[in-house]
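> Need a 3D model of the sequence below.
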Amino acid sequence: MYNVNLMAYDEHNKKKLDQEINKYFISLFNGSIHEDDFIHLLNETKFQFAYDHFCIFTINFASQTIFQNLFLSEKVTSDLQNFLSTIMVDAHFQVITLRKNLLCVLVNTNGDLNPILWNKVYQTITKYIGTIDDRIKVFLGYSKIYNEIKMIKKAYLESLDALYHRFISNENIFPYTYTASLRTIDDSSWEQLEYSLKLGLTNEAESKILSIFDQYKKNIKGSQIQFIVKQLINIFQYITLHNDLDRSLIPEKFSDTYFLFDFDNLSDVSSYMTEMCRHICDSISINSSHHLGKTIVEYIHSNYTKPINLNTIANTFHINSTYLGQLLKKEVNMPFNKYINKLRIIQAMKMIEYDSNVKLKDIAHSIGYSDSHYFSKIFKQVTGISPSEYKKKNSIY
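All right, here's what the predicted structure looks like:
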């Protein structure tokens with residue numbers, strides 16, 4: 001595909017030039033450069049079409065197993081290019097590695113790219129990949145045929161659009177055909193999902209996500225999976241910010257344009273999104289409990305001098321007293337009675353230090369104890385000495 005004689009280059013220079021060209025293609029695909037700039041950069045590399053027509057097809061290698069960057073290896077891409085050359089004899093190829101399991105191939109040809117030929121391409125690639133790992137599935141989406149270089153990005157987008165149909169089809173080869181979506185996800189579904197997530201209602205939120213994917217499967221254009229997942233991600237991000245949750249809840253992979261192609265099928269996508277939903281709802285629940293715990297601790301600090309107990313606090317906050325006891329223990333690392341006694345005795349010590357002549361019954365009543373004998377008992381439990389001994393100790397000074 002070059003009008004410069006690459007045979008004149010040593011292997012290093014050929015490799016370097018190919019990497020440079022691939023970088024330009026990727027920049028065009030991800031929107032980093034405009035079509036005009038792309039064409040200008042290609043011209044500088046002496047890249048030129050040998051034939052008038054071209055199309056783009058994208059190959060997705062999907063597997064339920066986790067595999068390494070197998071398809072980034074030069075050998076695999078080189079082998080695939082050689083196989084393609086034996087099938088499409090009158091054609092030139094530019095193979096662009098989009099990510100570990102996604103290859104984009106520009107086919108420049110003067111021949112007819114018919115369904116029989118695409119099936120042969122698919123069968124050849126599948127057979128080769130099977131020698132590496134027979135658990136890997138191969139999917140192929142291809143664009144319409146164009147004759148203007150400025151249409152390269154359009155062809156690339158068409159190949160992806162076609163490939164997304166694998167999530168709602170049992171086929172493996174997908175030609176691009178423009179079809180208007182017969183249905184869309186109704187707005188109320190998104191609103192109900194957002195409402196459920198805000199409140200941390202796990203079952204309701206999960207049910208709504210499953211309903212959204214069910215709507216998608218029924219007469220909705222395959223490529224709308226992009227919109228659905230993007231909308232879910234936007235809602236997840238909004239809820240994370242709205243509820244002040246840990247930002248790490250949102251996986252970095254969400255920023256990857258192609259992360260959907262990591263999934264083997266639609267069921268895997270749906271399961272992943274419902275799992276995300278559970279994590280967010282769990283975090284909201286934990287976060288809410290933490291905020292409630294802090295609020296109740298602040299309330300105790302403001303009211304410990306009054307005759308309060310677990311039941312009176314539970315009634316104030318309209319929660320179960322048993323749950324309140326568990327919540328407070330988690331927040332302050334000790335049972336409620338031990339904590340409030342500690343607060344009261346610390347205050348009692350301050351009062352004695354300020355005035356060693358203060359009467360014990362006055363101290364007891366001022367910090368929430370109606371019985372001075374009980375106060376003395378608790379004082380000794382907390383400090384190791386009686387309040388009378390503590391008074392004597394402080395009167396010396």
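
> C-alpha only now, for contacts and for neighbours.
OK.

> Show me the strands in the protein, by range?
With DSSP state E as the criterion, the chain has strands at 53-62, 91-99, 102-109, 137-142, 173-175.

> Pull the first one out as PDB, backbone CA atoms only.
In PDB, the C-alpha atoms belonging to strand 53-62 read as follows (Å, rounded to 0.1, in the frame of the first residue of the first chain):
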ATOM      1  CA  HIS A  53     -11.700   0.900  -3.400                       C
ATOM      2  CA  PHE A  54     -11.300   0.000   0.200                       C
ATOM      3  CA  CYS A  55     -13.300  -1.100   3.200                       C
ATOM      4  CA  ILE A  56     -12.500  -1.700   6.900                       C
ATOM      5  CA  PHE A  57     -13.200  -4.800   9.000                       C
ATOM      6  CA  THR A  58     -12.700  -5.200  12.700                       C
ATOM      7  CA  ILE A  59     -12.000  -8.500  14.400                       C
ATOM      8  CA  ASN A  60     -12.900  -9.100  18.000                       C
ATOM      9  CA  PHE A  61     -11.400 -12.100  19.900                       C
ATOM     10  CA  ALA A  62     -13.700 -12.800  22.800                       C
END
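
> what would the strands of the chain look like in TSV with distance to H318 and mean pLDDT?
Shown next, in TSV, are these (distance: least, CA to CA, whole Å; pLDDT from 0 to 100):
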stretch	distance to H318	mean pLDDT
strand 53-62	52	93
strand 91-99	53	89
strand 102-109	55	92
strand 137-142	55	94
strand 173-175	58	95
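
> Among the ones you listed, which comes closest to Y24?
Closest approach to Y24 among the strands of the chain (CA to CA): strand 91-99, 10.0 Å.

> what's that closest one packed up against?
helix 11-29, helix 74-87, strand 102-109 (3 or more CA pairs under 8 Å, 6 or more residues apart in numbering; DSSP states H and E).

> returning to that earlier point: with distance to N341 and mean neighbour count as extra columns, can I get the strands of the chain in CSV?
Formatted as CSV, the strands of the chain follow (distance: least, CA to CA, whole Å; neighbours: other CA atoms under 10 Å):
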stretch, distance to N341, mean neighbour count
strand 53-62, 62, 24
strand 91-99, 62, 20
strand 102-109, 65, 22
strand 137-142, 66, 24
strand 173-175, 72, 21
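
> nearest to I313, of those strands?
Ranking those by proximity to I313 (CA to CA) places strand 53-62 first, at 55.9 Å.

> hmm, who's touching that closest one?
Residues outside strand 53-62 that contact it (CA atoms under 8 Å, 6 or more residues apart in numbering) are 101-110, 136-148, 152, 155-156, 159-160, 163, 261-264.

> what do you get if the cut-off is 6 Å, keeping everything else the same?
For strand 53-62, the external contacting residues (CA atoms under 6 Å, 6 or more residues apart in numbering) are 101-109, 136-143, 145-147, 155-156, 159, 264.

> Just the angle for it relative to strand 102-109, thanks.
With axes from the mean of the first three to the mean of the last three CA atoms, to 10 degrees as the basis, strand 53-62 and strand 102-109 are set at 160 degrees to each other.

> K294: neighbour count?
If you count neighbours by other CA atoms under 10 Å, K294 ends up with 16.

> Please report the distance of the closest residue to it other than its chain neighbours from P251.
Distance criterion CA to CA, 6 or more residues apart in numbering; nearest residue to K294, sequence neighbours excluded, is E331 at 7.2 Å. As judged by CA to CA, to the nearest Å, E331 and P251 stand 29 Å apart.

> same deal with S366?
Distance from S366 to P251, by CA to CA: 53 Å.

> Have a look at these two and say which one is more surrounded.
A direct count of neighbours by other CA under 10 Å for S366 and P251 places S366 higher, at 18 against 11.

> May I have the residues that are in contact with that one?
So S366 contacts nothing (CA under 6 Å, 6+ apart).

> Verify the contact between V95 and V105 for me.
Yes. Look at V95 against V105 with CA atoms under 6 Å: they come within range, at 4.5 Å.

> sorry, back to before: now the helices and strands packed on strand 91-99 in JSON lines, with distance to K217?
Formatted as JSON lines, the helices and strands packed on strand 91-99 follow (distance: least, CA to CA, whole Å):
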{"stretch": "helix 11-29", "distance to K217": "28"}
{"stretch": "helix 74-87", "distance to K217": "33"}
{"stretch": "strand 102-109", "distance to K217": "24"}
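
> out of these, deepest packed?
Looking across the helices and strands packed on strand 91-99 with neighbours counted as mean count of other CA atoms under 10 Å, the highest average goes to strand 102-109: a mean of 22.

> mind listing what that strand pairs with, with the direction of each?
According to DSSP bridges, strand 102-109 has the following sheet partners: strand 53-62 (antiparallel), strand 91-99 (antiparallel).

> and the shortest one with helix 74-87, angle?
This means strand 91-99. Going by the same axes, to 10 degrees, strand 91-99 makes 150 degrees with helix 74-87.

> Put the alpha carbons of strand 91-99 into PDB.
What follows is strand 91-99, C-alpha atoms only, in PDB (Å, rounded to 0.1, in the frame of the first residue of the first chain):
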ATOM      1  CA  ALA A  91      -5.600  -6.600  -2.200                       C
ATOM      2  CA  HIS A  92      -3.300  -4.800   0.200                       C
ATOM      3  CA  PHE A  93      -3.800  -4.600   4.000                       C
ATOM      4  CA  GLN A  94      -3.000  -2.300   6.900                       C
ATOM      5  CA  VAL A  95      -3.500  -4.100  10.200                       C
ATOM      6  CA  ILE A  96      -4.100  -1.700  13.200                       C
ATOM      7  CA  THR A  97      -4.100  -3.100  16.700                       C
ATOM      8  CA  LEU A  98      -6.700  -1.300  18.700                       C
ATOM      9  CA  ARG A  99      -6.200  -3.300  21.900                       C
END
